[in-house]
Structures are given as C-alpha cells and as structure tokens.
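Enquirer: coords please:
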Amino acid sequence: MNHPTSAELTRAYAGRRVFVTGHTGFKGAWLTRWLLDLGADVTGYALAPDTSPSLFEQLGLAAHLRRHHVADVRDAARLRAAVAEAAPDVVFHLAAQPLVRRSYEEPLFTLETNVMGTAHVLEAVRAAQRPCAAVMVTSDKCYENREQLYGYREDEAMGGHDVYSMSKGASELVIASWRRSFFPPAQLAHHGVAVASGRAGNVIGGGDQAADRIIPDCVRALTRGVPIPVRNPDAVRPWQHVLEPLGAYLLLGARLLGVGTTTPERFCEGFNFGPQTEATRPVRDVVRALIGAWGGGTWDDRSDPGAVHEAKLLRLSIEKAWARLGWSPRWGFERTIAETARWYRAWHEGAPGPALDALCSAQIKHYLDADGAVVGDHQAP
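Expert: Residues are numbered from 1 along each chain as shown. A predicted model of the protein is given here:
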C-alpha cells in the first residue's frame with residue numbers, strides 16, 4: 001500500500017488555489033493553518049468568528065490568505081462570485097451550524113446553512129466551469145442512529161432524530177444527487193469535477209471555544225477552578241484529535257486531484273473518518289482524562305431527564321477509509337487528550353498569538369512525523 005508522505009501532501013497542495021468555507025471556525029482554522037504550511041494559496045469564505053477568543057484570530061490567519069471573505073453560505077450569489085474569483089483547484093466545504101442543541105433553538109437556520117449552504121457550494125463549483133476537487137465535510141451524525149453496537153458503514157441510511165443530525169444526512173443526499181446529476185465519476189475526464197464527502201465528528205483539540213462542547217466546557221471550568229458541568233456522562237462517542245479528520249480530508253483531496261492515483265474517480269464517494277475502537281468512549285472518560293492531563297479538577301453529573309434528545313451511542317466503521325485510501329488514525333486516546341491539554345495549558349498561561357501559531361504548526365509536524373507519514377503502517381481497524 002502506498003502511504004503518502006508529508007512531501008507528497010506538499011506536492012498535492014503547494015501553489016494550488018484552495019477555497020475553504022468555514023475557515024474562521026475551529027476545524028476551519030486548523031485546516032487553513034495546515035494548508036498554509038503546505039504552501040497552498042488559500043481563499044476563505046465564512047461568517048466572522050462566533051467566539052472570543054477565536055483560534056482564527058489568535059493565529060492571525062487573515063493576513064496570510066489570498067482573500068478573506070466574511071460572508072454567509074446562504075448567500076448564493078455572493079458565494080458564486082467568490083468561487084469564480086478564486087478559480088479554485090480544490091474546495092473544502094466546512095461551513096456549518098455545528099451544534100445539536102442550537103438546532104433545536106434555530107431549526108430553520110440550521111437547515112438553511114447546512115443543507116442549502118451545501119447546495120450553494122456545489123452550484124458555485126458547477127458555475128465556475130473548471131476542473132476542481134471538492135471535499136464536502138458533513139458529520140458522523142448523518143446516519144439514522146439506531147444506538148447499535150457496531151460502527152455505521154458508508155452505505156447505511158441517512159437520517160437523524162434532531163434537526164442538526166437530519167441536516168447532515170440531508171447534506172449527504174444533496175452531495176450524492178449533485179454528483180450523480182452533474183459530476184458523474186465515470187465522466188470525470190469530461191467535466192473535471194471530483195466530489196467526495198468526509199464524515200467525522202466529536203473532534204477535539206486546542207483552540208475550540210464553542211458552547212455546548214465538552215472540551216471547551218471542561219477548560220472553562222478548569223480555568224475558573226469550578227466543577228465541570230457534564231450533561232451526558234454516559235453518552236458514547238468516537239473521539240479524535242482535530243488533525244485526524246483534517247489529515248484525512250487533505251489525503252482525500254489529493255486523491256481527487258490525481259496525486260498518488262491514476263483513477264481519481266474511485267474516490268468520488270463518502271468516507272468515514274473516526275478513531276480506533278479504543279477511543280470510542282463515554283463522555284465521563286474524556287472528562288476524567290482531561291482532568292488528569294490538566295493536573296487537577298472535579299466534575300458534576302448534570303444529567304437532565306427532561307433535556308432535548310441527543311444520541312447516546314455512536315460508532316463509525318473506518319474500514320473503507322483504510323482499504324480505499326490507506327488511511328487510519330495516528331494518535332490514540334491518551335495522546336489526543338495530552339496534545340489537547342498541552343494547547344489549552346499554553347493558552348491559559350498567557351502564550352501570545354505567535355506562540356500559539358507555532359504550537360499548532362508543531363503539533364501538525366508531530367502528527368505528520370508519527371510513524372514517518374500521514375498514514376503509517378498501522379493495523380487495519
């Protein structure tokens with residue numbers, strides 16, 4: 001199996017025009033930093049950061065972009081104009097309303113952003129009429145969750161109880177429909193647009209400040225010296241460091257570009273990106289591990305039987321990513337928690353923006369260097 005090296009990722013992205021939606025968010029900022037390290041020419045399109053502090057601003061990323069559009073994916077005309085101007089070789093679509101509980105409060109905004117926003121990106125790519133690789137990011141919550149013990153595979157039914165999960169399932173249907181209708185993989189040589197989706201979730205790592213996410217909730221409590229409020233301590237999720245899915249998206253994008261393969265059309269599908277089985281754990285394990293890595297702290301069980309519905313059990317199968325892409329996770333559960341705690345500890349101790357930027361780049365390098373490649377010689381999942 002051919003495992004791409006860091007040099008191969010550089011070959012895939014150095015000098016390429018890359019359009020990133022959602023670049024001001026947590027995952028988007030990390031992806032933008034990584035692309036810049038690879039030598040890409042990056043244009044970003046997103047709303048202004050909705051947290052203070054925000055990783056995007058802490059890293060000073062706006063100054064390094066070709067263009068920084070503060071705009072909404074619901075604005076189809078402006079998005080189309082921005083894509084046309086950027087003339088991208090690669091699109092990474094990450095812009096989303098990403099929170100389950102907010103989707104109960106703002107269901108229409110969630111649908112407009114996640115479903116129609118996805119359609120607007122695909123339409124902008126279609127209108128650009130140029131060869132392009134498009135990696136559309138959805139979520140592991142796109143599947144109809146039956147609280148089953150085995151991991152969901154890519155060919156299982158889309159769905160979702162809450163509006164957020166449903167919107168991600170619907171986004172996957174939009175992606176599949178546009179691919180079949182306008183960008184059929186069998187005709188890639190003719191139309192030049194390679195479209196794939198990445199399904200990952202429960203991503204943790206330094207710099208996330210969002211509400212209703214367990215690591216930011218933990219850090220806010222730890223830095224104030226109060227017990228961590230935990231809503232769903234028994235909920236089981238596939239936890240992974242933010243660099244895991246981002247590395248997978250970059251690898252998938254490289255394959256869609258034809259780097260490392262002569263058949264990019266084989267990768268125009270949906271792919272799950274999750275951790276090894278040992279990192280699929282209840283929330284309480286994450287909280288206890290972070291407290292240990294932080295060096296102290298306590299937590300309170302704030303379970304509420306009357307709270308809005310959230311899935312209790314979610315597992316992903318990553319066998320397809322292993323077999324087709326040669327991808328598997330690099331960092332186990334303990335390393336993921338340790339690297340996350342290291343970033344927040346540096347921030348809490350007053351590290352300035354340039355130091356945090358250097359720490360992000362160092363963690364990317366350490367991730368790439370694990371076993372000497374983006375995808376190492378791991379045991380198959």
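Enquirer: Which parts of the stretch 151-300 of the chain are helices?
Expert: Shown for the stretch 151-300 of the chain, the helices assigned by DSSP state H, counting those that start in this stretch span residues 163-182, 188-191, 214-224, 243-256, 283-294.
Enquirer: how about the closest residue to Pro184 other than its chain neighbours, what does it touch?
Expert: Spatial nearest neighbour of Pro184, chain neighbours left out: His191 (7.8 Å); criterion: CB to CB, 6 or more residues apart in numbering. Just so you know, the C-beta spots here come from the backbone N, C-alpha and C atoms, and that holds for glycine as well. By CB atoms under 8 Å, 6 or more residues apart in numbering, the residues touching His191 are 182-184.
Enquirer: Narrow those residues to just the buried residues.
Expert: Burial by neighbour count, 16 or more other CB atoms under 10 Å: within the contacts of His191 this picks out Phe183.
Enquirer: Look at stretch 319-328 and report the distance between its end residues.
Expert: 9 Å (CA to CA, to the nearest Å).
Enquirer: still on that earlier bit, highest mean neighbour count out of the helices of the stretch 151-300 of the chain?
Expert: Highest mean neighbour count of these: helix 243-256, a mean of 26 (counted as mean count of other CB atoms under 10 Å).
Enquirer: Need the CA coordinates for that one. CSV is fine.
Expert: Output of helix 243-256 as CSV, limited to C-alpha atoms (Å, rounded to 0.1, in the frame of the first residue of the first chain):
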residue,chain,number,x,y,z
LEU,A,243,-5.7,16.7,13.0
GLU,A,244,-7.1,13.2,12.3
PRO,A,245,-10.0,14.1,10.1
LEU,A,246,-8.2,17.1,8.6
GLY,A,247,-5.3,14.9,7.5
ALA,A,248,-7.9,12.6,6.0
TYR,A,249,-9.6,15.4,4.1
LEU,A,250,-6.2,16.5,2.8
LEU,A,251,-5.5,13.0,1.7
LEU,A,252,-8.9,12.6,0.1
GLY,A,253,-8.4,15.9,-1.7
ALA,A,254,-5.0,14.8,-3.0
ARG,A,255,-6.5,11.6,-4.4
LEU,A,256,-9.3,13.6,-6.1
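Enquirer: Return the list of helices and strands in contact with that helix.
Expert: Packing partners of helix 243-256 (3 or more CB pairs under 8 Å, 6 or more residues apart in numbering; DSSP states H and E): helix 6-13, helix 26-37, strand 90-93, strand 132-137, strand 193-199, helix 353-369.
Enquirer: With Ala254 as the reference, name the closest of those.
Expert: helix 6-13 (3.8 Å; CB to CB).
Enquirer: report the angle between the axes of that closest one and strand 132-137?
Expert: Put simply, helix 6-13 runs at 120 degrees to strand 132-137, going by axes from the mean of the first three to the mean of the last three CA atoms, to 10 degrees.
Enquirer: Counting by contacts, list what helix 6-13 packs against.
Expert: Contacts defined by 3+ CB pairs under 8 Å, 6+ apart place helix 6-13 against helix 243-256, helix 353-369.
Enquirer: now Gly39, what's its secondary structure?
Expert: coil (DSSP: H, G, I helix; E, B strand; the rest coil).
Enquirer: contacting residues for it?
Expert: Gly39 is in contact with 10, 13-15, counting by CB under 8 Å, 6+ apart.
Enquirer: Then Val18?
Expert: Neighbour list for Val18: 35, 40-43, 88-92 [criterion: CB under 8 Å, 6+ apart].
Enquirer: tell me which of those is nearest to His64?
Expert: Closest to His64 out of the contacts of Val18 is Val42 (7.5 Å), distances taken as CB to CB.
Enquirer: how many neighbours does Ala358 have?
Expert: 13 (other CB atoms under 10 Å).
Enquirer: circling back: can you tell me which of the helices of the stretch 151-300 of the chain comes nearest to Trp327?
Expert: Of all those, helix 243-256 sits nearest to Trp327, with 5.2 Å by CB to CB.
Enquirer: Might one say that Cys218 is in contact with Arg288?
Expert: No - in this structure Cys218 lies outside contact range of Arg288 using CB atoms under 8 Å: 10.2 Å.
Enquirer: Overlap of the contact sets of those two?
Expert: Listed as contacting both Cys218 and Arg288 by CB under 8 Å, 6+ apart are Trp299.
Enquirer: about what we covered before: format the helices of the stretch 151-300 of the chain as TSV; extra columns: mean pLDDT and distance to Ala134.
Expert: Listed next are the helices of the stretch 151-300 of the chain as TSV, based on pLDDT from 0 to 100; distance: least, CB to CB, whole Å:
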stretch	mean pLDDT	distance to Ala134
helix 163-182	97	9
helix 188-191	97	12
helix 214-224	96	29
helix 243-256	97	8
helix 283-294	96	32
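Enquirer: Please consider this matter closed, and thank you.
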